[in-house]
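Colleague: Pasting the sequence and the predicted coordinates here, then a few questions.
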Amino acid sequence: MLDIHADRILILDYGSQYTQLIARRVREAGVYCEILPWDVDPAMISNFNARGVILSGGPESVTASNAPTLPQAVLAADVPVLGICYGMQLLAQSLGGTVEGGHTQEFGYAEIRARGHTALLRDIEDRVNDEGHGLLDVWMSHGDRVTALPDGFKLMASTADVPIAGMADAERNIYGVQFHPEVTHTAQGQRILGRFLHDICGCGSAWTPGNIIHDATARVREQVGQDKVLLALSGGVDSSVVAALLHKAIGDQLVCVFVDNGLLRLNEGDQVMKTFADHLGVNVIRVNAQERFMAALAGESDPEAKRKIIGRLFIEVFDEEAAKLSDVKWLAQGTIYPDVIESAGASTGKAHVIKSHHNVGGLPEQMKLKLVEPLRELFKDEVRRLGLELGLPRESVFRHPFPGPGLAVRMLGEVDPQAADTLRVADDIFISELRAAGLYDQVSQAFAVWLPVKSVGVTGDGRRYAPVIALRAVETIDFMTARWAHLPYEFLDKVSRRIVNEIEGVSRVVYDVSGKPPATIEWE
Ligand SMILES: Nc1ncnc2c1ncn2[C@@H]1O[C@H](COP(=O)(O)OP(=O)(O)OP(=O)(O)O)[C@@H](O)[C@H]1O
Ligand SMILES: O=c1[nH]c(=O)c2[nH+]cn([C@@H]3O[C@H](COP(=O)(O)O)[C@@H](O)[C@H]3O)c2[nH]1
Ligand SMILES: NC(=O)CC[C@H](N)C(=O)O
Ligand SMILES: [Mg+2]
């Protein structure tokens with residue numbers, strides 16, 4: 001069988017904002033890769049069996065003491081290395097060149113003159129100048145620069161401000177670029193990465209949706225044998241794709257459990273049941289646990305406590321459903337790679353726990369069921385591509401994500417069933433107007449939030465003293481950072497008027513203009 005993980009690239013993370021972007025570009029080129037922090041146990045680097053290593057950029061300066069270093073295991077692996085920005089500076093310094101700060105900084109667009117004599121950039125150019133040199137439009141973001149090449153390296157690129165913007169040691173297959181090939185503003189970026197991956201590292205392009213599905217179904221069959229698998233199905237993108245995948249892999253051994261916890265959007269429960277009956281023909285059990293969740297949440301106003309209660313109840317419900325059926329040994333979930341990276345960051349103590357996502361950090365330590373998580377290695381956009389390939393309807397595949405704790409983290413403070421009803425209607429008005437205006441697909445996630453603060457309004461000459469609804473809409477690629485969506489004023493005006501006119505329990509509507517950071521996407 002084709003081993004789609006055999007050609008694998010290791011990305012060492014030095015803290016760049018773009019590390020996940022590098023990984024997604026490598027995957028787009030059809031090559032499997034993983035991200036590890038630069039100071040991971042060196043044995044993990046040696047044992048990874050990479051065909052090549054990419055060193056990311058990063059906020060630190062190699063000239064500072066205590067700056068992140070190059071693990072010996074990278075060079076010892078004797079495979080091609082590509083350093084990007086901080087990665088290039090680190091290679092230069094570690095191999096005997098020099099790096100200095102305090103020169104002109106370059107942020108944003110730059111034109112580089114590519115010296116096309118190296119394997120990495122040969123014949124890749126946007127234009128050619130009068131002297132016959134290739135020119136490339138790239139994107140830069142740095143303050144430090146390499147000022148002397150290490151022995152054995154040739155100059156590969158320069159800009160008007162930075163004489164050494166790229167370097168190559170073709171003999172040892174070590175390359176460095178000061179610019180960022182992973183961002184789309186670098187027009188030839190994907191070709192440059194492709195050159196490194198395919199020509200220099202010798203990787204094929206087996207990482208395709210079709211092969212991933214083939215591989216995942218085979219692995220699941222081997223993992224679970226004849227046992228039954230209970231899938232926690234939310235109707236969101238990730239668990240829906242898992243449903244389609246498992247249905248293909250193990251057919252009737254799959255039982256899906258959808259929990260209506262009373263914290264879902266308007267009519268969501270019925271919609272999820274219908275979508276699965278119409279499109280997949282899979283067996284879905286709906287558990288009506290609204291009262292149980294409400295009772296457990298009553299009187300609790302702390303966001304983390306609310307999340308933990310919900311995480312625990314989910315698992316209790318799944319355990320109970322499993323006990324009712326015979327032979328269920330596995331719990332399948334729609335966990336994806338960013339969930340894993342984030343919780344690894346949290347568990348190594350490097351990252352702060354901002355909030356406990358219910359399906360990873362919120363899981364109880366002792367679990368009766370063993371986990372099946374076939375999407376653990378995939379990014380959201382890959383999950384979506386798989387969903388389309390598996391025949392899921394477009395509207396399921398491109399739905400905005402919805403958190404498991406649902407409306408509980410969108411009603412600040414105590415969860416109140418009546419407030420939940422108000423919030424559901426307000427949210428539905430916002431979302432249906434977004435769809436009507438053709439804006440739904442232009443934002444990554446949008447929802448309403450219920451604020452437990454009352455304000456005074458005047459409606460039909462009467463006084464209204466009622467809570468406030470906040471609208472939130474963001475644009476993001478990976479949900480790690482986000483920009484608030486600059487929705488048209490006329491549109492917000494229409495949504496605001498509809499909410500206050502149609503819902504008596506709302507006095508006014510506000511729009512959230514905070515990015516992530518410093519805010520998070522959800523309010524709790
Ligand atoms: N109401 C629910 N009933 C059953 N399982 C759920 C429910 N809500 C969440 N889950 C489980 O928790 C996992 C994580 O939730 P998450 O919201 O991250 O993913 P999703 O709902 O599948 O996709 P999306 O991110 O698009 O909402 C889901 O994949 C699913 O396995
Ligand atoms: O399944 C989930 N369980 C959770 O506990 C959870 N908390 C946040 N989210 C979603 O994660 C993304 C980032 O959200 P934050 O900026 O609020 O952390 C956004 O898409 C959030 O909707 C969750 N999803
Ligand atoms: N984007 C980067 O990797 C920047 C590297 C380094 N911090 C610099 O300013 O030059
Ligand atoms: Mg969800």
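Modeller: It's in. Ligands and ions are numbered 1, 2, ... in the order given.
Colleague: Low-confidence regions, the stretch 401-524 of the chain specifically.
Modeller: Residue ranges of the stretch 401-524 of the chain with pLDDT under 70: none are present.
Colleague: Quick check: the residue of it nearest ligand 3.
Modeller: Evaluated by CB to the nearest ligand atom, the stretch 401-524 of the chain has residue 481 as its residue closest to ligand 3, separated by 15.0 Å. C-beta coordinates here come from the backbone N, C-alpha and C atoms, glycine included.
Colleague: How about the contacts made by the residue lying closest to residue 326 once chain neighbours are set aside?
Modeller: The shortest distance from residue 326 to any non-neighbouring residue, by CB to CB, 6 or more residues apart in numbering, is to residue 228 (7.7 Å). Going by CB atoms under 8 Å, 6 or more residues apart in numbering, residue 228 touches 253-255, 325-330.
Colleague: Look at residue 228 and report its pLDDT.
Modeller: pLDDT, the model's per-residue confidence, is 95 for residue 228.
Colleague: Ok, the one 10 residues further on next?
Modeller: The score at residue 238 is 95. That number is its pLDDT.
Colleague: burial count for it?
Modeller: 22 (other CB atoms under 10 Å).
Colleague: Does it touch residue 338 like I think?
Modeller: No. Taking contacts as CB atoms under 8 Å, residue 238 lies outside contact range of residue 338: 10.5 Å.
Colleague: joint contacts of those two?
Modeller: In contact with both residue 238 and residue 338: residue 380, using CB under 8 Å, 6+ apart.
Colleague: quick one, phi/psi of the residue nearest to residue 326?
Modeller: phi -80, psi 150 (degrees, to the nearest 10).
Colleague: Okay, domains of the protein per the record?
Modeller: Structurally, the chain divides into domains by automatic domain parsing as follows: 8-200, 209-397, 416-511.
Colleague: Reformat those as TSV; add distance to residue 517.
Modeller: Converted to TSV, those look like this (distance: least, CB to CB, whole Å):
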stretch	distance to residue 517
domain 8-200	11
domain 209-397	10
domain 416-511	7
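Colleague: so where do the helices sit in the stretch 251-400 of the chain?
Modeller: Secondary structure of the stretch 251-400 of the chain (DSSP state H, counting those that start in this stretch): helices at 268-279, 290-297, 303-324, 337-347, 380-389, 394-397.
Colleague: Quick one: name the residues of this structure near ligand 2.
Modeller: Along the chain, the residues adjacent to ligand 2 under the rule CB under 6 Å from any ligand atom are 307, 355, 357-359, 401, 403-405, 445, 479, 516, 520-522.
Colleague: ok now do residue 185, which residues does it touch?
Modeller: 108-109, 137-139 are the contacts of residue 185 under CB under 8 Å, 6+ apart.
Colleague: Ok, residue 410 next?
Modeller: Applying CB under 8 Å, 6+ apart, the residues near residue 410 are 423, 427, 447-450, 522-524.
Colleague: in the stretch 401-524 of the chain, what residue is nearest ligand 4?
Modeller: residue 402 (4.2 Å; CB to the ion).
Colleague: Let me know whether that residue touches residue 234 as I believe.
Modeller: Yes. The pair residue 402 and residue 234 passes the contact test of CB under 8 Å, sitting 7.2 Å apart.
Colleague: More neighbours: which of those two?
Modeller: residue 234 (25 against 19).
Colleague: Tell me the spacing between the nearest residue to that one once chain neighbours are set aside and residue 479.
Modeller: Of all residues not flanking residue 234 in the chain, residue 404 sits nearest, at 6.5 Å (CB to CB, 6+ apart). Per CB to CB, to the nearest Å, residue 404 is found 14 Å from residue 479.
Colleague: Next one: the closest residue to residue 72 other than its chain neighbours from residue 315, what distance?
Modeller: Closest residue in space to residue 72, ignoring its immediate chain neighbours: residue 42 at 6.8 Å, by CB to CB, 6+ apart. Note on residue 42: its distance to residue 315, by CB to CB, is 36 Å.
Colleague: between the two, who's got more neighbours?
Modeller: In this view residue 42 and residue 315 are compared by other CB under 10 Å, and residue 315 has more residues nearby, 20 against 13.
Colleague: pretty sure that one contacts residue 367?
Modeller: Yes. The pair residue 315 / residue 367 is scored as a contact, 7.0 Å apart, by CB under 8 Å.
Colleague: Compare residue 404 and residue 479 and say which is more crowded by neighbours.
Modeller: Just comparing residue 404 and residue 479: by other CB under 10 Å the higher neighbour count belongs to residue 404, 23 against 16.
Colleague: helix, strand or coil for that one?
Modeller: Recorded secondary structure, residue 404: coil (DSSP: H, G, I helix; E, B strand; the rest coil).
Colleague: correct me, but it touches residue 306?
Modeller: No. Counting by CB under 8 Å, residue 306 is not a contact partner of residue 404; they are 11.7 Å apart.
Colleague: circling back to that earlier point, the domains of the chain into a markdown table, with extra columns for distance to ligand 1?
Modeller: Shown next, in a markdown table, are those (distance: least, CB to the nearest ligand atom, whole Å):
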| stretch | distance to ligand 1 |
| --- | --- |
| domain 8-200 | 16 |
| domain 209-397 | 2 |
| domain 416-511 | 9 |
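Colleague: Ligand 2 versus the spatially most distant residue from the centre of the chain, what's the distance?
Modeller: Most distant from the centre of the chain: residue 461, at 48.5 Å, with distances by CA atoms, centre = their mean. Using CB to the nearest ligand atom, to the nearest Å, we find residue 461 at a distance of 40 Å from ligand 2.
Colleague: all strands of the stretch 1-150 of the chain, in order?
Modeller: Taking DSSP state E, counting those that start in this stretch as the test, the strands found in the stretch 1-150 of the chain are 8-13, 32-37, 52-55, 81-84, 98-100, 106-114, 127-128, 134-142, 145-148.
Colleague: Residue 270: which of those is closest?
Modeller: strand 32-37 (39.2 Å; CB to CB).
Colleague: Okay then, goodbye and thanks.
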